[in-house]
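Participant: Provide a 3D model corresponding to the input given below.
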Amino acid sequence: MSGDGFRREIMLAAKLQHAHVVPVLSSGDADGLPWFTMPYVEGDSLRTRLTRERQLPIDEALRISREVADALSYAHARGVVHRDIKPENILLEAGHAVVADFGIAKAVASAGQATALTATGMSVGTPSYMSPEQSAGDPDLDGRSDLFALGCLGFEMLTGEVAFPGPTAQATIARRFVHTPPPVSSVRPDVPEAVSRLLEGLMTQDVGERTESGGHVVAALRSGATA
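Facilitator: Just a heads-up that it's a prediction; the model follows:
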């Protein structure tokens, strides 16, 4: 176990102070077992909300996407990649999105903690939302990997379906290399075409062609182009 690696990643995450980021309050080591604490956030997770409602109203889905993108833009500018953006890690506090567990996926991997994925040689992350490069085990991920996951979130909030379904973790991982999700506007016609194109740009398999920054997503969602 590399406690030093865990502490290094947690210290980076602890520097994040943003309205849409759940902060790390403290961390330490107890008998060789690294630990960290975060504040209690009152409200549902996005997963709970999606389980209950399946699809979200368009304006609310876009606002949540914008708030998550704002948090990602802030973190990426400070060298922190989340690596596990998914509905369970998006908490809805007073209706607004706050992103939990920044840096935790890499910290856990650095500490050598095996998970269902790492036990089979895969990267830490959640199969339905992992970027192709993360799925392939690329150790040098940048913010565009998180933006791929953000595109998957947006697709799910607006359509009620996951972008890359599969019966097993391995099948789900493989699907993103051969499957292109349908345009959101073809599944839900009242979604603006500009929003549909934005999500397509986020979920592009080729990282070099993907939307580059959370700031771009925030600007696009704030502009009249998505109306």
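
Participant: residues near Asp190, how many?
Facilitator: A total of 7 residues lie near Asp190 under the criterion other C-beta atoms under 10 Å. Bear in mind the C-beta positions are built from the backbone N, C-alpha and C, glycine included.

Participant: for Glu60, same thing?
Facilitator: A total of 14 residues lie near Glu60 under the criterion other C-beta under 10 Å.

Participant: three-state assignment of it?
Facilitator: Counting by DSSP: H, G, I helix; E, B strand; the rest coil, the backbone at Glu60 sits in helix.

Participant: state the distance from it to Leu46.
Facilitator: When C-beta to C-beta, to the nearest Å is the yardstick, Glu60 and Leu46 sit 11 Å from each other.

Participant: ok, Gly143 next?
Facilitator: With the distance defined as C-beta to C-beta, Gly143 ends up 20 Å from Leu46.

Participant: what of Val68?
Facilitator: Distance from Val68 to Leu46, counting by C-beta to C-beta: 9 Å.

Participant: neighbour-wise, which of the two wins?
Facilitator: Neighbour tally, Val68 and Leu46, criterion other C-beta under 10 Å: the higher count belongs to Val68, 29 against 22.

Participant: that one: which element?
Facilitator: Under the assignment given by DSSP states H and E, the secondary-structure element containing Val68 is helix 58-77.

Participant: counting contacts, what elements does the very next helix or strand once past that helix pack onto?
Facilitator: Remark: after helix 58-77, the chain's next helix or strand is strand 90-93, criterion DSSP H and E. Counting contacts by 3 or more C-beta pairs under 8 Å, 6 or more residues apart in numbering; DSSP states H and E, strand 90-93 packs against helix 46-53, helix 58-77, strand 96-99.

Participant: go again with 7 Å.
Facilitator: On a contact count with 3 or more C-beta pairs under 7 Å, 6 or more residues apart in numbering; DSSP states H and E, strand 90-93 meets helix 46-53, strand 96-99.

Participant: could I get the CA-only coordinates of it as CSV?
Facilitator: Taking C-alpha atoms only, strand 90-93 is exported to CSV below (Å, rounded to 0.1, in the frame of the first residue of the first chain):
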residue,chain,number,x,y,z
ILE,A,90,-23.2,14.3,-8.1
LEU,A,91,-25.1,15.4,-5.0
LEU,A,92,-28.1,17.8,-5.3
GLU,A,93,-27.9,20.3,-2.4
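
Participant: one step back: switch the helices and strands packed on strand 90-93 over to TSV; also include mean pLDDT and distance to Gly28.
Facilitator: Below are these laid out as TSV (pLDDT from 0 to 100; distance: least, C-beta to C-beta, whole Å):
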stretch	mean pLDDT	distance to Gly28
helix 46-53	96	29
strand 96-99	95	23
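
Participant: now for the helix or strand containing Val218, which elements pack on it?
Facilitator: Here Val218 is covered by helix 214-222, with elements defined by DSSP H and E. Secondary-structure packing of helix 214-222 (3+ C-beta pairs under 7 Å, 6+ apart): helix 58-77, helix 143-159.
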